[in-house]
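> prediction below, plus the sequence it came from.
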Amino acid sequence: MKAYAITQTQQVWLGAKVSESRGRLMLDWDAIEALFPANMIDTMFASYCQLVEQLAARDWRQPITLSLPEEQQQKRQRINQTDHQFPNAQPPYLRFFAQANLHPQATALIWGRDGQMDYDTLAHQALRVAGYLRQQWIRPGDRVAITHAQAAEAAKYIIFTSGSTGTPKGVVVSHIAVANTVDAVAELFGISADDRSITLSALDFDLSAYDIFTFLGRGGSLVVVDEAERRDAAAWVHLINHWQVSIISTVPALVEMITVAAHRAAQPTAISDGGGRPRNASVAARVVEPRAADALCGTGGNDGSRHSLNLL
């Protein structure tokens, strides 16, 4: 026999009650289900009851384990099926030069109101930097620090991090690891030569490797933020709207700065979830956010790579 009861408390989304009746333990949740994702409350309550039943039947000194709901297990299995071969086996920097050879006059970099640089010019500048490094007796495998805003890019790099231990260390990220991340994210979000991004990440931040090689390796364009505007969110909003940026790849704190600045300037910049559902309104910019809980994807720590993406 099923019994039903309800209590309502103002401003409470989820109320959990425990009581005893006729020698039985009664567990009761009252929730405003419209405030939660579909089936979330039912799934949580089932796991909650499972935990209580285990506690009633087992020695409390022993560890308790809860299995994930079947639907979540299946979803994680699908996501973790990473045995996938991407069609382009080239290191990211060679993809850029391939694009420069195929489309030398295509726009690679954009800045300010009307500044533009094509792929051919950028490729020649990169080769001049490479030539200079060789003149300084820099050889493949040597470490080159990237600290200045106008420094050359690198596909294989070392990120200096303390991780979770607090002990400083350098983590080597290989060419193939960068390529794997670039390809996986680009395939997931359908990034192509028609896309345009903005370089909100400084070159000494590992996320910049994604910005550079994802778009320049596919024939897209990058809007370059001037160093004087590195912390000026209003300037970013202007550049995003002026140059019709289609994808923003950044951390959540900068996304918040963009939305606040757009609101203040009355130049709303749409931040959508990639499925055509804008979060504000004007330019439809898709957002690739590491550690974003409510946008396209979630991630683990990125001490040693840029994105570790899982669909929510």
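Cool, got the structure.

> mind listing what's buried in the helix or strand harbouring residue 125?
Element membership of residue 125 [criterion: DSSP states H and E] is helix 119-135. Buried residues in helix 119-135, defined by neighbour count with 16 or more other C-beta atoms under 10 Å: 119, 122-123, 126. The way it works is simple: take the backbone N, C-alpha and C, and place the C-beta from them, glycine included.

> repeat that for stretch 202-215.
Judged by neighbour count (16+ other C-beta under 10 Å), stretch 202-215 contains these buried residues: 203, 206-215.

> which of those residues sits closest to residue 141?
The shortest gap between residue 141 and any of the buried residues of stretch 202-215 belongs to residue 209, at 17.8 Å (C-beta to C-beta).

> give me the secondary structure label for the closest one.
Secondary structure, DSSP: H, G, I helix; E, B strand; the rest coil: residue 209 is helix.

> from residue 75, how far off is it?
Residue 209 sits 29 Å away from residue 75, going by C-beta to C-beta, to the nearest Å.

> hang on, residue 197 in a strand?
Yes. Residue 197 forms part of a strand when assessed by three-state DSSP.

> and it, bridged to which residues?
Beta bridges link residue 197 to residue 222, residue 247, judged by DSSP bridges.

> start the count at 3, not 1, going forward
Got it, first residue is 3 now, which makes that one residue 199.

> pLDDT score assigned to it?
pLDDT for residue 199: 90.

> so what's it up against?
213, 216-217, 222-225, 247-251 (C-beta atoms under 8 Å, 6 or more residues apart in numbering).

> reformat the residues you listed as JSON lines; add pLDDT and distance to residue 43.
Below are the contacts of residue 199 laid out as JSON lines (pLDDT from 0 to 100; distance: C-beta to C-beta, whole Å):
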{"residue": "213", "pLDDT": "81", "distance to residue 43": "39"}
{"residue": "216", "pLDDT": "87", "distance to residue 43": "38"}
{"residue": "217", "pLDDT": "89", "distance to residue 43": "41"}
{"residue": "222", "pLDDT": "91", "distance to residue 43": "42"}
{"residue": "223", "pLDDT": "91", "distance to residue 43": "45"}
{"residue": "224", "pLDDT": "91", "distance to residue 43": "44"}
{"residue": "225", "pLDDT": "92", "distance to residue 43": "43"}
{"residue": "247", "pLDDT": "89", "distance to residue 43": "38"}
{"residue": "248", "pLDDT": "87", "distance to residue 43": "37"}
{"residue": "249", "pLDDT": "86", "distance to residue 43": "35"}
{"residue": "250", "pLDDT": "85", "distance to residue 43": "33"}
{"residue": "251", "pLDDT": "82", "distance to residue 43": "34"}
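
> for the stretch 3-152 of the chain, what spans make up the helices?
All helices of the stretch 3-152 of the chain, identified by DSSP state H, counting those that start in this stretch, fall at 42-59, 72-81, 94-104, 121-137.

> looking at these, spot the one closest to residue 238.
helix 121-137 (21.9 Å).

> what's next to that closest one, contact-wise?
98-99, 101-102, 105-111, 146, 154-155, 218, 221.

> just the ones of the residues you listed in strands?
Those of those mapping onto strands are 109-111, per DSSP state E.

> low-confidence stretches in the stretch 53-202 of the chain?
For the stretch 53-202 of the chain, residues meeting the criterion pLDDT under 70 lie at 84-86, 147-175.

> what's the closest of the helices of the stretch 3-152 of the chain to residue 181?
helix 94-104 (5.5 Å).

> list the buried residues for the closest one?
For helix 94-104, a neighbour-count test (16+ other C-beta under 10 Å) marks 94-95, 97-99, 101-102 as buried.

> what of stretch 187-202?
187-188, 191, 193, 197-202.

> let me know the closest of the contacts of helix 121-137 to residue 237.
For the contacts of helix 121-137, the nearest to residue 237 is residue 111 (16.7 Å; C-beta to C-beta).

> can you redo the helices of the stretch 3-152 of the chain as JSON lines with distance to residue 242?
Below are those laid out as JSON lines (distance: least, C-beta to C-beta, whole Å):
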{"stretch": "helix 42-59", "distance to residue 242": "34"}
{"stretch": "helix 72-81", "distance to residue 242": "30"}
{"stretch": "helix 94-104", "distance to residue 242": "23"}
{"stretch": "helix 121-137", "distance to residue 242": "21"}
